[in-house]
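Engineer: attaching a predicted model along with its sequence, questions to come.
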Amino acid sequence: MSFLSVEAGSKRAGRPRPSIEGRSRHTALLSSAQDIALRLADKPGVVGVVLAGGVARGYADELSELDLIVYLDPDAVTRWAAGAAPYPAGDALADGIYTDISYVDWSAEAGGDWPMVKRWDRSYAVILHDPVGRVHRLYREKVPFGPGEVERLAGQSLSQCDAPLFNDLPSWLRRQDFAAAHLALNRIIPALVALAFLANAELIPSDKWALHLSRTLAWQPADWQARIEGLIQVKAASLQDAERRRALALGLHQELGQRCLGPEVKTFPISYYASRYQILASLLKEGSLPLAEFSRRFGAWRLMTSPACYVLKLNGNGEGRYVSLDTRAVVDLAAGRGGVDLLQWDHTVLVELAKLIQPS
């Protein structure tokens, strides 16, 4: 047997943790998880046993279940699917305890990318049985952020706010459909909460837990809880209340965006055009990017969008193709030269970028 000598996830220093008051069953359920793991560990074909879910994050009450992941080699998967599994898969009672056990083919688990929610859940996991360290190695490979991933995800979250906050909301306010305006504001709340986690270099939780856990993040915008709760609350289908919520949303959007994107863009007004600016600013900073890397980080389709299509160049041939920024085109278009008609926010992007190319 090989048990990790660590406390459950949320006890680890600095991690967001549940802050629910009431009688805790955590110690009892953690002990039950270890007992079940002991019974599973000696079965042929068991690669590892992991405790995930809320109990691994350090909290359990009368609504909690044991989320156990049992990794099996392919032969054991076949045998257990044919009736050899010692406990039922999914929601069931195991030794009188409410459990949700997943039997997972180890070979499939080790391949491919893991979605964000899975990585977040596994980041708190308590590895109960891992005799040769295979689970530890896999989790160290799959769970952490990769290079530039926080910034890329922050750009995506900001982009998710773009249309609701800077297009849909003003449109519905002008049309005086205040219920529709409130709905537009509701759509950006998950993205703002996600940005709060990214601002702490924390993986983004499931929708169920994200808001609750955000209250224990190490860094938070000033008065985070009051502001996000004020944004969530709809008092009336009125212009006044929509404007109140819009002010809260704009403030959080700018503060979180600037925190995530770093000091080099603190003077840039985070708004509808933030993601467009970030792509071009990245090319200015890095000089060029291989097309494959540009596509991975931003999407190749961005090359066809304004203003990128006027100032980005695709160079080289075949696998050696790369993307670069035409700084002369940026400066000319920002100054109104070049004979290209631009939307106001696209022109603003180039004006801000030109300031970095030719500081005053």
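Structural biologist: Everything's here; your move. Numbers count the residues shown, from 1 in each chain.
Engineer: which strands and helices sit next to the helix ranked longest in the chain?
Structural biologist: Looking across the chain with DSSP state H, the single longest helix is helix 239-261. Where contact means 3 or more C-beta pairs under 8 Å, 6 or more residues apart in numbering; DSSP states H and E, helix 239-261 is packed against helix 149-163, helix 169-174, helix 178-186, helix 189-198, helix 224-232, helix 274-286. Every C-beta, even on glycine, is put in place using the N, C-alpha and C of the backbone.
Engineer: nearest to Ile357, of these?
Structural biologist: Ranking the helices and strands packed on helix 239-261 by proximity to Ile357 (C-beta to C-beta) places helix 274-286 first, at 7.0 Å.
Engineer: could you dump the closest one to CSV, C-alpha only?
Structural biologist: The C-alpha coordinates for helix 274-286 follow below in CSV (Å, rounded to 0.1, in the frame of the first residue of the first chain):
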residue,chain,number,x,y,z
ALA,A,274,-8.8,43.9,-25.5
SER,A,275,-8.4,40.5,-27.1
ARG,A,276,-7.6,42.1,-30.5
TYR,A,277,-5.0,44.3,-28.9
GLN,A,278,-3.4,41.4,-27.0
ILE,A,279,-2.8,39.4,-30.1
LEU,A,280,-1.0,42.3,-31.8
ALA,A,281,0.9,43.3,-28.7
SER,A,282,2.1,39.7,-28.3
LEU,A,283,3.5,39.8,-31.9
LEU,A,284,5.2,43.1,-31.2
LYS,A,285,6.8,41.7,-28.0
GLU,A,286,7.9,38.4,-29.4
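Engineer: can you say which of the helices and strands packed on helix 239-261 is nearest to Arg57?
Structural biologist: Comparing the helices and strands packed on helix 239-261 by C-beta to C-beta, helix 189-198 comes nearest, at 14.2 Å.
Engineer: following the closest one, which helix or strand comes up?
Structural biologist: From helix 189-198 onward toward the C-terminus, using DSSP states H and E, the following helix or strand is helix 207-214.
Engineer: next, the buried residues of that next one.
Structural biologist: 209-211, 213-214 (16 or more other C-beta atoms under 10 Å).
Engineer: repeat that for stretch 74-84.
Structural biologist: Quick answer for stretch 74-84 (16+ other C-beta under 10 Å): 76-77, 79-80.
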